[in-house]
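Peer 1: what's the 3D shape of this:
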Amino acid sequence: MPSYDFKCEKCKKKFTLQLTISEYEKTKFRCPKCKSVRVKQQITSFQAVTSKKS
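Peer 2: Numbers count the residues shown, from 1 in each chain. Sure thing, here's the model as predicted:
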């Protein structure tokens with residue numbers, strides 16, 4: 001499940017949410033600290049975990 005990093009523009013708190021892609025497309029994000037909807041997604045690197053096949 002992908003994780004998404006956000007920063008609240010009101011209280012400046014950074015937070016991470018783990019959502020499925022369908023949840024991400026449907027969800028309006030809120031800051032967990034101040035409940036503001038003024039959040040901005042942060043650009044971050046990612047790491048793919050795959051299974052090893054012999």
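Peer 1: CA only for contacts and neighbour counts going forward, please
Peer 2: Fine.
Peer 1: output the lowest-mean-pLDDT helix or strand in the chain as PDB, nothing but the C-alphas.
Peer 2: Ranked by mean pLDDT, DSSP states H and E, the weakest helix or strand in the chain is helix 21-26, scoring a mean of 90. What follows is helix 21-26 as a C-alpha-only set of coordinates in PDB (Å, rounded to 0.1, in the frame of the first residue of the first chain):
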ATOM      1  CA  ILE A  21      -4.800   4.100  -4.900                       C
ATOM      2  CA  SER A  22      -8.700   4.100  -4.900                       C
ATOM      3  CA  GLU A  23      -8.800   5.700  -1.400                       C
ATOM      4  CA  TYR A  24      -6.300   8.300  -2.500                       C
ATOM      5  CA  GLU A  25      -8.400   9.300  -5.500                       C
ATOM      6  CA  LYS A  26     -11.700   9.600  -3.400                       C
END
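Peer 1: in that helix, which residues are buried?
Peer 2: By neighbour count with 16 or more other C-alpha atoms under 10 Å, helix 21-26 contains no buried residues.
Peer 1: list of residues touching it?
Peer 2: With C-alpha atoms under 8 Å, 6 or more residues apart in numbering as the contact definition, helix 21-26 has outside contacts at Pro2.
Peer 1: direction included, what does the following helix or strand past that helix pair against?
Peer 2: Once helix 21-26 ends, the next helix or strand along the chain (criterion: DSSP states H and E) is strand 39-41. Next to strand 39-41 in the sheet, as set by DSSP bridges, lie strand 3-8 (antiparallel).
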